[in-house]
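Visitor: missing the sequence, but the structure's below:
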Ligand SMILES: [Fe+2]
């Protein structure tokens, strides 16, 4: 059994969600995508006397990783990042531990399955726990991440979303890297029902995801 603590970290124009996962029986903690708000993370860990064992990175974009180094210096956790992501972008961190698709990590008594979900970046990943899915910029409540950077692919993104549909059960809570109105933690079934990106066939998805008339990064329709 574990808890998820949400940290809404703002450094405009960025609004990111960082999550602290706490394995209740051991008080071991992991942080997902630490960014922007160092004090919010460290004060939570320190006040609860939690032992930071791991950092889980969904991808290597700056707004998801910019507190890795200070947290490593302070707590010496392992930093889990997909092997593809590390190698493609040359992500450098002495504490990095690369994982491959379907690797299972343990945080105390909580098991964490790594799902490679390329599309937003070459080696993006989601982390699946019993009852929770951390999606980074692969899946938001409102849409999915852009597929414009080097290594990104809208075709891969479609396949990754299909993979999530196959592997994630309806009652799993979804914790994305960003959210634009809807608080994190909606059920996977609710996200699927609401998210128009999950209702297109592959060719229409790619055409829609790569459309050039999107009004803003966060205007999903
Ligand atoms: Fe990103």
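Guide: Perfect, thanks for sending it. What you see is a predicted model; the values in this text were computed from it and never measured.
Visitor: who are the contact partners of residue 11?
Guide: Residues in contact with residue 11, defined by Cβ atoms under 8 Å, 6 or more residues apart in numbering, are 35, 36, 63. Backbone N, C-alpha and C define where each C-beta goes, glycine included.
Visitor: just among those residues, which is most surrounded?
Guide: Of the contacts of residue 11, residue 35 is surrounded by the most neighbours, 24 neighbours in total, counting by other Cβ atoms under 10 Å.
Visitor: spell out the secondary structure type for it.
Guide: coil (DSSP: H, G, I helix; E, B strand; the rest coil).
Visitor: ok, of the contacts of residue 11, which one's closest to the ion?
Guide: Nearest to the ion among the contacts of residue 11 is residue 63, at 6.5 Å by Cβ to the ion.
Visitor: now render the contacts of residue 11 as TSV, adding distance to residue 78.
Guide: Conversion of these to TSV gives the following (distance: Cβ to Cβ, whole Å):
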residue	distance to residue 78
35	18
36	22
63	22
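Visitor: can I get those residues in a markdown table with distance to the ion and pLDDT?
Guide: Shown next, in a markdown table, are these (distance: Cβ to the ion, whole Å; pLDDT from 0 to 100):
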| residue | distance to the ion | pLDDT |
| --- | --- | --- |
| 35 | 10 | 97 |
| 36 | 14 | 97 |
| 63 | 7 | 97 |
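Visitor: and the residue nearest to the spatial centre of the chain, what does it touch?
Guide: Centroid-nearest residue in the chain, with Cα atoms, centre = their mean: residue 136, separated by 2.4 Å. For residue 136, the contacting residues are 33, 58, 59, 64, 120, 124, 125, 126, 145, 176, 177, by Cβ under 8 Å, 6+ apart.
Visitor: chain neighbours aside, what residue packs nearest to it?
Guide: Leaving aside its sequence neighbours, residue 136 sits nearest to residue 58 (Cβ to Cβ, 6 or more residues apart in numbering; 2.5 Å).
Visitor: quick one: that neighbour from the ion, how far?
Guide: Using Cβ to the ion, to the nearest Å, one obtains 8 Å as the distance from residue 58 to the ion.
Visitor: can you point out the buried residues in the longest helix seen in the chain?
Guide: If you go by DSSP state H, the chain has its longest helix at helix 154-167. Residues of helix 154-167 classed as buried: 154, 155, 156, 157, 158, 160, 161, 163, 164 (neighbour count, 16 or more other Cβ atoms under 10 Å).
Visitor: can you list those in CSV and add distance to the ion and pLDDT?
Guide: Shown next, in CSV, are those (distance: Cβ to the ion, whole Å; pLDDT from 0 to 100):
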residue, distance to the ion, pLDDT
154, 15, 98
155, 18, 98
156, 14, 98
157, 12, 98
158, 17, 98
160, 14, 98
161, 16, 98
163, 18, 98
164, 17, 98
